[in-house]
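>>> dropping a prediction and its sequence here:
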Amino acid sequence: MAAPPKPQGTIKTRILIISDTHSAPLQASTEAASDGDNARAFQSPLPAADVLLHCGDLTMMGHLDEYRGALDMISAVNAPLKLVIAGNHDISLDGQFYHGNSKGVGMSNGKRMHKYDFDEDMPDQAMEMWKGELANKAGVTYLEEGLHEFELGNGARLKIYSSPYQPEFCNWAFAYDHHEDRFNPPNLPPTPLPPNSKPYKNIAVTPVPELPAARSIDVFMTHGPPLRRLDRTATGLDVGCPHLLRAAERARPRLYCFGHIHEGWGAERVCWGGEEKDGVVKEVEKVQVDDAEAVKNHAALADVSAEGGSPLKAGEETLMVNASIMDLGYSPSHAPWLVELDLPKA
């Protein structure tokens, strides 16, 4: 059967996605087992791509030496554009949190968590590392919360919304209260919340703007997941954010990648417009992974391009990816994701 026609005005693009590396170095391929329990896909070299996305939790505790290690790891990836956001473990990249008072402790969060390595200037030094010369040498662009646009080397346009924030979790960085919505305009009706939630409150710090019918945002990149999308914990709880799910449904990006919930690793193809449960998702198709192939290729593959034979329906479908490298025991057991999709021409 002939492949479906390629969408007009698009370019096939390879996007490599990782998250929650927590200071783990790439394993040398000569050391990686080819089978058995010790087989690992997070090994050098990772597949070449047009762009690398790291969805946060670069470190365990946000120390400068951890950031250097993360930059070394990222610099080894063959991608001309490398986009990075922080996560809740990267505490020194959240200056407000780092200097803020820790609940019930009587000291700042930075001092509580860094103890003898505490440094008042740590947030400034950390930000300089990710926005200065070291990051430039590694080919890294650090993204704050908001909208960003890039022209890729292959001629495609990438319009991306990024945010390191997630619902409050054990008093770590980049957190907001579960009942607060920072992603949707305040003129919308309140987001339907799970049972026993606090009353709705819209803070709209940097909300995703009202989007045209053409759905102009290509990629959502957040640290935390949206509600009921690859967000289930080992205890069976769905801990993703309902406000993020609503924002994603409004924007309907081609790709939505995140991490944070290690045991939620995987990918799924979401069709919007349903009335079940959350009222926005119509159908979900899980992306199947051959573990042996993922180890062999150093990544799990999701091809939703026209050339792949099952192209994503822009404006109707979103490929959602939880790219956590670490498993629940903080072992780098999960594969990176290599996504192939069609992006608009620049």
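Great, that's in hand. Residues are numbered from 1 along each chain as shown.
>>> so what's the nearest residue to residue 239 once chain neighbours are set aside up against?
Distances taken as CB to CB, 6 or more residues apart in numbering place residue 231 nearest to residue 239, at 5.4 Å, with adjacent residues excluded. Where C-beta positions appear, they are placed from N, C-alpha and C, glycine not excepted. By CB atoms under 8 Å, 6 or more residues apart in numbering, the contact list for residue 231 reads 224-225, 238-240, 261, 264, 322.
>>> mind doing that once more with 6 Å?
Counting by CB atoms under 6 Å, 6 or more residues apart in numbering, residue 231 makes contact with 225, 238-240, 261, 264.
>>> got TSV for those, with pLDDT and neighbour count too?
TSV is the format used below for the contacts of residue 231 (pLDDT from 0 to 100; neighbours: other CB atoms under 10 Å):
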residue	pLDDT	neighbour count
225	98	29
238	92	18
239	93	20
240	94	25
261	97	25
264	97	20
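>>> tell me if residue 115 really is in a helix.
Yes. Secondary structure of residue 115 (DSSP: H, G, I helix; E, B strand; the rest coil): part of a helix.
>>> wait, residue 264 sits on residue 229?
No. Using CB atoms under 6 Å, residue 264 is not in contact with residue 229, being 8.4 Å away.
>>> neighbouring contacts of stretch 140-149?
In contact with stretch 140-149 (CB under 6 Å, 6+ apart) are residues 74, 82-85, 130-131, 159-163, 206.
>>> ok, residue 269 - how many residues close by?
Residues near residue 269, counting by other CB atoms under 10 Å, number 18.
>>> what residues sit buried inside the top helix by length along the chain?
Criterion DSSP state H: the longest helix present in the chain is helix 64-75. Neighbour-count burial for helix 64-75 flags 64, 66-67, 69-71, 73-74 (criterion: 16 or more other CB atoms under 10 Å).
>>> same question for stretch 238-256.
238-256.
>>> now stretch 100-117
Those would be 108-114, for stretch 100-117 by 16+ other CB under 10 Å.
>>> in JSON lines: those, plus distance to residue 121.
What follows is those, written out as JSON lines (distance: CB to CB, whole Å):
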{"residue": "108", "distance to residue 121": "13"}
{"residue": "109", "distance to residue 121": "15"}
{"residue": "110", "distance to residue 121": "10"}
{"residue": "111", "distance to residue 121": "13"}
{"residue": "112", "distance to residue 121": "17"}
{"residue": "113", "distance to residue 121": "16"}
{"residue": "114", "distance to residue 121": "12"}
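>>> shaky segments in the stretch 151-300 of the chain?
189-215, 274-279 (pLDDT under 70).
>>> now do 80
Along the stretch 151-300 of the chain, segments meeting pLDDT under 80 span 186-216, 274-279.
>>> what count of nearby residues applies to residue 45?
Residue 45, neighbours per other CB under 10 Å, totals 11.
>>> same question, the one 10 residues further on
The local packing of residue 55 (other CB under 10 Å) involves 30 other residues.
>>> what's near enough to touch the closest residue to it other than its chain neighbours?
Nearest residue to residue 55 in three dimensions, chain neighbours excluded: residue 19, at 3.5 Å (CB to CB, 6+ apart). Each residue near residue 19 by CB under 6 Å, 6+ apart is listed here: 55, 259, 323-324.
>>> I appreciate the help and will end here.
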